[in-house]
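**Q** what shape does this take:
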Amino acid sequence: MTASRPTDTRTLDRRCLVLCLSVLGIAVIYPTLRLLFEAAGNWRPDVILEGAGWAAVRNTLFISFASVVTAGIIGTSLAFAFARYSFRGRDALAALAHLPFALPPLVGVLSFYYLIGRDGLLPQIAERALGIRDVSMEGPLAILIIHTYSFFVFFYAMLSAAIDNLDASQIEAARTLGARRFRVLTRVVLPALRPALLGASLLTFMSSVASFSAPYFFGQDFPMLSVRIYNERIQFHDAEALTLTVLLAGMSLLGLILFGPSRRTGQGASKGIRAPIRGRAGRIIVPALLSMVVLLLLAPHFCIAWLSVIDHRAWHTELIPTHFTLDNFARLFEDPQCFSPIRNSLWMSVLAALLALLIALPAGYLIGRKRPGSRLLYLIVMLPWALPGTVIAMNLIVAFNDPWLPIYNTVWLLPLAYFVRGMPLSARMAVAAIEPFDASLMEAGRTLGASRRFCFMHIVAPLLAPTIVMATTLVFVTSLGEFVSSILLYMPANIPIAVKINMEWRGSVGAAFAYSMLLMVIVAATFAVSRRLVVRTI
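**A** Numbers count the residues shown, from 1 in each chain. Next up, the predicted model:
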């Protein structure tokens, strides 16, 4: 019985590896290679070096680097404020600062459009009440503001954990030895935070390169690559779209070189201790300022809720709308097809999340336990993380527009794109959960006579349940509000809610914001349910 266990383990490893490589080979490797071959045969360097193509390359790089700087400043400042100081209401404010991550990209951009856009609330107030004209924000400034708002959470979340675990004794020792505050910051604090800073910078840079919604709405005179690819595709300029797609993928992979993991390993540190704010004035001013910042961060959420109950026909004659109505929601509920986009997004997102989990668990097991083939598998699993949504959509269009894989122009291509985009996140979380898992627990159960299935159900599954729930939730929520791949791959039979919002915004503004509000409620309810499940499984 004991001698058969290594054989059983090797058999399990081979089956898991074959499953993962088979699925990922069809969904990731084949589409990527096919796109590269198609682009090589239809390469159009002139689309890059001339006119709007070169401007799109330059603008994309500029916005991406600028987003890293601005998001880094905001996110790091908030992380230091919340992680190092203790005051009343700190936990609630720190939790609320994560909410921009839960705002679907298209919904967030629409809220900014009505806050700072040409016909937005703030420009209208400036013009009618203050007499200041042409204060609307468009082009690079608007895109940068939206990117900063959307991506500062990467720095905030990663730096909060890193700062919270800083060894306060090292800082105190440096100060005791006479080091000035700036020297302590550059020689002690920043080296300890370097991995978190690089990780957040990488996520911000790659997300900015892949950004579509903000340039799509605010970049009419400021072309960026993601929108340029979409424009070329809808005009059936396939060679130009392929060329720009390969360039966008290479630009995204550039982030791995510039902001790759640091080779310098940090030393272990004890748990940091938050310091109370000294002085009566500080105890009043600091919480008040942070409360104002958090309220500012929640402004897009409030804006969506507000716009969903406004009579938009009457607003054109008023500075501040005074006519409120529930007709925006009533029109949706009166239409028998109104829930069709919501149903489409729900079933496609559920399917994508379950498929991602199906691959993430065996892939996480092989990678986390460092089984044979794990290095190659890790590269394949994480490849879609480095590819923007536009590139993934183009990969699938090129790969599956064939008679032997006839799923192009079907309802199945879009959930496949959701799976490809969400699978790296799910797999990375599975690796993080499985890597520190103590295999001796499983061996102890087997030694006591329990079957492998019994040990998995009663030992492994309860320990992995919180990670499984959160990974599935994140993939589901990300897919639910996905817009970049959706606008290129959707069919009339499976229009997702993000595309429907975009359609309604161009025809019926009230319905667009009613849909946006419903999407926000679904996302918030999903996070609430998943949080409850996680608490119960711990």
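**Q** following the chain past the longest helix along the chain, name the next helix or strand.
**A** The longest helix of the chain (DSSP state H) is helix 51-84. Using DSSP states H and E, the next helix or strand after helix 51-84 towards the C-terminus is strand 85-86.
**Q** what helix or strand does residue 296 sit in?
**A** Per DSSP H and E: helix 280-297 holds residue 296.
**Q** my guess is residue 205 meets residue 258, correct?
**A** Yes. Judged on CB atoms under 8 Å, residue 205 makes contact with residue 258 at a distance of 7.1 Å. Backbone N, C-alpha and C define where each C-beta goes, glycine included.
**Q** more neighbours, the two?
**A** Higher neighbour count among residue 205 and residue 258: residue 205, with 25 against 12, using other CB atoms under 10 Å.
**Q** run a quick neighbour tally on the nearest residue to that one once chain neighbours are set aside.
**A** Excluding its sequence neighbours, the residue lying closest to residue 205 (CB to CB, 6 or more residues apart in numbering) is residue 255, at 4.1 Å. Using other CB under 10 Å, residue 255 is surrounded by 21 other residues.
**Q** ok, now which ones touch residue 255?
**A** Contact partners of residue 255, counting by CB atoms under 8 Å, 6 or more residues apart in numbering, are 64, 202, 205-206, 209, 386.
**Q** drop anything exposed from those.
**A** 64, 202, 205-206, 209, 386 (16 or more other CB atoms under 10 Å).
**Q** out of these, who's nearest residue 151?
**A** residue 205 (9.1 Å; CB to CB).
**Q** now the strands: where do they sit in this structure?
**A** 85-86, 275-276, 401-402, 405-406 (DSSP state E).
**Q** among those strands, which gets the worst mean confidence?
**A** Lowest mean pLDDT within these: strand 275-276, at a mean of 58.
**Q** count of residues packed around residue 343?
**A** 13.
**Q** okay, it: pLDDT?
**A** 91.
**Q** could you do residue 41 as well?
**A** Value for residue 41, per-residue pLDDT: 85.
**Q** pull up the gap between it and residue 57, please.
**A** 22 Å (CB to CB, to the nearest Å).
**Q** these two - which one has more neighbours?
**A** The neighbour comparison of residue 41 against residue 57 (other CB under 10 Å) goes to residue 57, with 20 against 9.
**Q** check contacts around that one.
**A** With CB under 8 Å, 6+ apart, residue 57 has these contacts: 48, 225, 247, 251.
**Q** now the last one: how far from residue 48?
**A** The gap separating residue 251 from residue 48 is 11 Å, by CB to CB.
**Q** which residue packs closest to the residue most central in space within the chain, ignoring adjacent ones?
**A** The residue lying closest to the centre of the chain (CA atoms, centre = their mean) is residue 478, at 6.7 Å. Distance criterion CB to CB, 6+ apart; nearest residue to residue 478, sequence neighbours excluded, is residue 422 at 5.7 Å.
**Q** show me the protein divided up by domain.
**A** 1-41+330-538, 43-261+282-319 (automatic domain parsing).
**Q** quick one: the helices in the stretch 401-538 of the chain?
**A** Counting by DSSP state H, counting those that start in this stretch, the stretch 401-538 of the chain has helices at residues 413-434, 439-447, 452-455, 461-480, 486-489, 497-505, 509-537.
**Q** can you list the ones you listed in TSV and add distance to residue 357 and mean pLDDT?
**A** Listed next are the helices of the stretch 401-538 of the chain as TSV, based on distance: least, CB to CB, whole Å; pLDDT from 0 to 100:
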stretch	distance to residue 357	mean pLDDT
helix 413-434	6	84
helix 439-447	20	61
helix 452-455	19	63
helix 461-480	5	79
helix 486-489	21	88
helix 497-505	22	87
helix 509-537	13	80
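**Q** could I get those as a markdown table with distance to residue 114?
**A** As requested, the helices of the stretch 401-538 of the chain are exported to a markdown table (distance: least, CB to CB, whole Å):
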| stretch | distance to residue 114 |
| --- | --- |
| helix 413-434 | 28 |
| helix 439-447 | 54 |
| helix 452-455 | 55 |
| helix 461-480 | 22 |
| helix 486-489 | 21 |
| helix 497-505 | 10 |
| helix 509-537 | 9 |
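**Q** in the helix holding residue 296, what counts as buried?
**A** Buried residues in helix 280-297 (16+ other CB under 10 Å): 286-287, 290, 293-294, 297.
**Q** which of these has the weakest pLDDT?
**A** Among the buried residues of helix 280-297, residue 286 has the weakest pLDDT, 75.
**Q** quick one: that one from residue 292, how far?
**A** 11 Å.
**Q** do the same with residue 405
**A** Residue 405 is 54 Å from residue 292, by CB to CB.
**Q** likewise residue 208?
**A** For residue 208, the distance to residue 292 - CB to CB - is 27 Å.
**Q** do the same with residue 349
**A** As defined by CB to CB, residue 349 lies at a distance of 35 Å from residue 292.
**Q** same thing with residue 150?
**A** On the measure of CB to CB, residue 150 and residue 292 end up 20 Å apart.
**Q** compute the number of surrounding residues for residue 79.
**A** 26.
**Q** identify the residues contacting the nearest residue to residue 42 once chain neighbours are set aside.
**A** With sequence-adjacent residues excluded and distances taken as CB to CB, 6+ apart, residue 42 is closest to residue 239, at 3.9 Å. By CB under 8 Å, 6+ apart, the residues touching residue 239 are 42-44, 47.
**Q** just give me the closest of the residues you listed to residue 394.
**A** So of these, ranked by how close each gets to residue 394 (CB to CB), first place is residue 42, at 12.3 Å.
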